[in-house]
Every structure is written in structure tokens, then in C-alpha cells.
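Trainee: test case, fold it:
(chains A and B)
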Amino acid sequence: MSGTVKKLFEIENEQLRVNVFPDFQTGDTVGVYYKIREGEKERIQLFEGICVQRHNGGLRSTFTVRKVSNGIGVERVFPLHSPRIDKLEVKMKGKVRQARLQYLRERSGKSARIRERGTI
Amino acid sequence: MNSTCGLIGKKLGMTQVFNPDGSRVPVTAIEVGPCTVVQKRTVEKDGYVALQLGFAEKKEHRANRAELGHFKKAEVTPKQHLLEFRCSQEDADKYQVGQEIRVDMFTNGDRIDIRGTSKGKGFAGLIKTYGFGGAKASHGAHEFYRHAGSIGMHQDPGRVFKGTRMTGRHSHRTVTVQSMEVVRVFSQDNILFIRGTIPGSRNSIVQLRHTDRG
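Mentor: This next block holds a predicted model:
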């Protein structure tokens, strides 16, 4: 890594929110408390579901959370280091074999469940 | 034309920054300066006013005799890149030969023009170069999918007009993007964050100056 690119890397790292949130993996059920602005007011919304994808890219890291809302599957991408994330909770550690759980999209009901890690 | 002198920089790549409200801003990082004034062009001698700036140190054994003489005259160390910035007489008077110009000349929220060399695309067709529509994929079309169609009329005028857009080398030209917003200045690291994209690949040399657009 050359000197200047290293500098850029350092500038990026300054913005990281390190050790703010608990560690989680794909398959885990997470609750994201996300700040939402409505006009002048700011409120916190909970988005709870299964983390189906994590994209690691330093400051540009994101994760995708999937939940089924009123029978419709909803996936939402959150920037991991966004100041808008107020709190992040890991509700359940899930046992999965894939890094990206795209197979969940075509499943529903029992087959869309994920077993808990450590309870084989 | 811009009346103020600018700076030379090197494109580092892109990243993003978060606003306090959480929105993400795509930024291009540029290493800007420090640049040294190596020569002044004057009306009396050269017929125009400009400042010649040098950017990035060069090892002395890499420079040839002519270059060494040129830098020695200005009493500065050899530089890798030399570029001229045409400017007004008042602006040229602000700087002396040998003076260092730093990224501090830009502040957050400034609008600047950036000139660079766009990434070459090689010999490219009309769809890529000019956004032509191409031809039908069905209805009996045969080996005529990405062609241009007609390039003119018949016996009258009996020739193809000048400037008719055809295939050929695409990009790798000097491109200026105007009125780009400065998002952040790191004066210690000589790094500038610009909102959006700028021409060229990583490590390509760009020219930056204050915009004269409102």
C-alpha cells in the first residue's frame, strides 16, 4: 500500500464506528434501531429480521436485513457505519452454511426457518 | 476563462463520507499539491500571463540537463510534472517564483473546475460512443446489430458530410468537469474530497482551479 492510499485509508477509518455494535453474522436475527426524520421530528424505527448478507468494505460496509411484513418479504440494506443506526441488537444467532441467504427469497413458512447456532 | 491560478493533483480514488444527518456523500479523493511556482510567463516576454507550477518531487538523476537547468534557475528541486495555469496579472503578482502553493487555497463548499484525461475506451462502436440505437435483432436482420444505418443521401450531395459520427477511438481526451463541490480539505495530508466523479483513472494527474461559473 503506497503512502497516499494509506492516508486515504486512515481518513476512512476515522469515520468507522468500531466496537459500537455487537458482532453478528449472516443468519443471525437482528434488530436495527434506525433514526428516521419526519419533517422536523426524529424518531427511531425498529427493523427486525434475519441478516441475509454482509458486505465488508471498510467504511462502505453494509448489511442486508430480511423480514416478512404482512406476508410480503422486505429486504433492507443498512450502511454498517451510518450515524443513523441508533442501536443494534442480536436477537438470535442462526446456524447457516451460506454467506448470502438468497435461498430464503423463494421459501416461506417452515422451510424459511433458521436453526439456532449451538443447539444441534 | 478562469482568472485565478490553480493547483495540480493526483486522483487517489473514491470513497464516501457520512453527513451528520446520516446521508452518504460519494467523494473522490485527490492528492493536491503542494505545488511550486517554477516560472512566470509575462506579457513582455511570452505574450501572455501564466504561472508554471511543478508537482511531485523527482529524483535528481532522473532529470536531464535541460530540466535541471530550468529548476535551478527557479532555485527549486526537480519536479515530475510541470503545468501552466493562465491567470490574470493581479493573480500572478500574488506569487513569487519558488513559492509553494498548498491545498489550503480551497475551503469546504468551494466550487472548482477539474481538468483531467478521461479513461481511454480504445476503438469503440457507435452505440458506446454516441449512444446510437443499433438495429433490430429480429425481423430478418443479419449481422447488422450494432451498425450505424445510413451515413448520407444519394447522388446529391454524393458525399458524406463532414462531422458525421462514425466509429473510432473513444475517450482518452482532456475533459473538464465544472463547478464541483469541495466536501472536505485535509490540509495536513494535502488531500481534497470532491463530491462526485472526476475524469481519469486512479493516479492520473488533474488540474484544479476555482470555477468562474456562479
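Trainee: need the residues of chain A near chain B, please.
Mentor: Proximity of chain A to chain B, by Cβ under 8 Å from any Cβ of the partner chain, involves residues A:4-5, A:7-8, A:11-12, A:15, A:35, A:37, A:59-60, A:79, A:81-84. Yep, even glycine has a C-beta here, placed from its N, CA and C like the rest.
Trainee: going along the chain, name the helices of chain B.
Mentor: For chain B, applying DSSP state H gives helices covering B:43-46, B:65-74, B:89-93, B:126-130.
Trainee: elements contacting the second one?
Mentor: Translated: helix B:65-74. Judged by 3 or more Cβ pairs under 8 Å, 6 or more residues apart in numbering or on different chains; DSSP states H and E, helix B:65-74 is in contact with strand B:35-41.
Trainee: returning to that earlier point: which among the helices of chain B is found nearest to B:T4?
Mentor: Nearest to B:T4 among the helices of chain B is helix B:89-93 (5.0 Å), distances taken as Cβ to Cβ.
Trainee: excluding chain neighbours, give the residue nearest to A:L88 in space.
Mentor: Nearest non-adjacent residue to A:L88, counting by Cβ to Cβ, 6 or more residues apart in numbering or on different chains: A:F21, 4.1 Å away.
Trainee: buried ones from the residues of chain A next to chain B, can you make that a ChimeraX selection?
Mentor: ChimeraX command restricting the residues of chain A next to chain B to the buried ones, with burial defined by 16 or more other Cβ atoms under 10 Å in any protein chain shown:
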select /A:4,7,8,11,12,35,59,60,79,81,82,84
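Trainee: what's the farthest-apart pair in the residues of chain A next to chain B?
Mentor: Greatest spatial distance in the residues of chain A next to chain B: A:T4 and A:R37, 36.4 Å, computed using Cβ to Cβ.
Trainee: let's have the helices of chain B in CSV, adding mean pLDDT and mean neighbour count.
Mentor: Compiled in CSV, the helices of chain B are given as follows (pLDDT from 0 to 100; neighbours: other Cβ atoms under 10 Å in any protein chain shown):
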stretch, mean pLDDT, mean neighbour count
helix B:43-46, 91, 9
helix B:65-74, 90, 13
helix B:89-93, 86, 14
helix B:126-130, 93, 16
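Trainee: now tabulate these in CSV and tack on distance to A:D28.
Mentor: What follows is the helices of chain B, written out as CSV (distance: least, Cβ to Cβ, whole Å):
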stretch, distance to A:D28
helix B:43-46, 68
helix B:65-74, 61
helix B:89-93, 59
helix B:126-130, 44
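Trainee: from chain B, which residue is nearest to chain A?
Mentor: Ranking the residues of chain B by distance to chain A (Cβ to the nearest Cβ) places B:G22 first, at 3.3 Å.
Trainee: what's the spacing between the nearest residue to that residue once chain neighbours are set aside and A:N56?
Mentor: Leaving aside its chain neighbours, B:G22 sits nearest to A:R84 (3.3 Å; criterion: Cβ to Cβ, 6+ apart). Distance of A:R84 to A:N56, given as Cβ to Cβ, to the nearest Å: 20 Å.
Trainee: with adjacent residues omitted, what lies nearest to B:V27?
Mentor: Spatial nearest neighbour of B:V27, excluding adjacent residues (Cβ to Cβ, 6+ apart): B:F193 at 4.2 Å.
Trainee: the one you found pairs with what?
Mentor: Under DSSP bridges, the beta-bridge partners of B:F193 are B:A29, B:R184.
Trainee: wouldn't it be in contact with B:E31 here?
Mentor: No: if you go by Cβ atoms under 8 Å, B:F193 and B:E31 don't touch, sitting 11.3 Å apart.
Trainee: contacts for the worst-scoring helix or strand of chain B on mean pLDDT?
Mentor: Of all helical and strand segments in chain B, the minimum by mean pLDDT, DSSP states H and E falls on helix B:89-93, at a mean of 86. Applying Cβ atoms under 8 Å, 6 or more residues apart in numbering or on different chains, the contact partners of helix B:89-93 are B:3-5, B:40, B:43, B:49-51.
Trainee: which residues of chain A fall in strands?
Mentor: Counting by DSSP state E, the segments of chain A that form strands are A:29-38, A:41-55, A:62-69, A:72-79, A:85-92.
Trainee: save those as TSV, and put in mean pLDDT too.
Mentor: Shown next, in TSV, are the strands of chain A (pLDDT from 0 to 100):
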stretch	mean pLDDT
strand A:29-38	89
strand A:41-55	91
strand A:62-69	92
strand A:72-79	92
strand A:85-92	89
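Trainee: could I get those as JSON lines with distance to B:F55?
Mentor: Shown next, in JSON lines, are the strands of chain A (distance: least, Cβ to Cβ, whole Å):
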{"stretch": "strand A:29-38", "distance to B:F55": "43"}
{"stretch": "strand A:41-55", "distance to B:F55": "36"}
{"stretch": "strand A:62-69", "distance to B:F55": "36"}
{"stretch": "strand A:72-79", "distance to B:F55": "35"}
{"stretch": "strand A:85-92", "distance to B:F55": "41"}
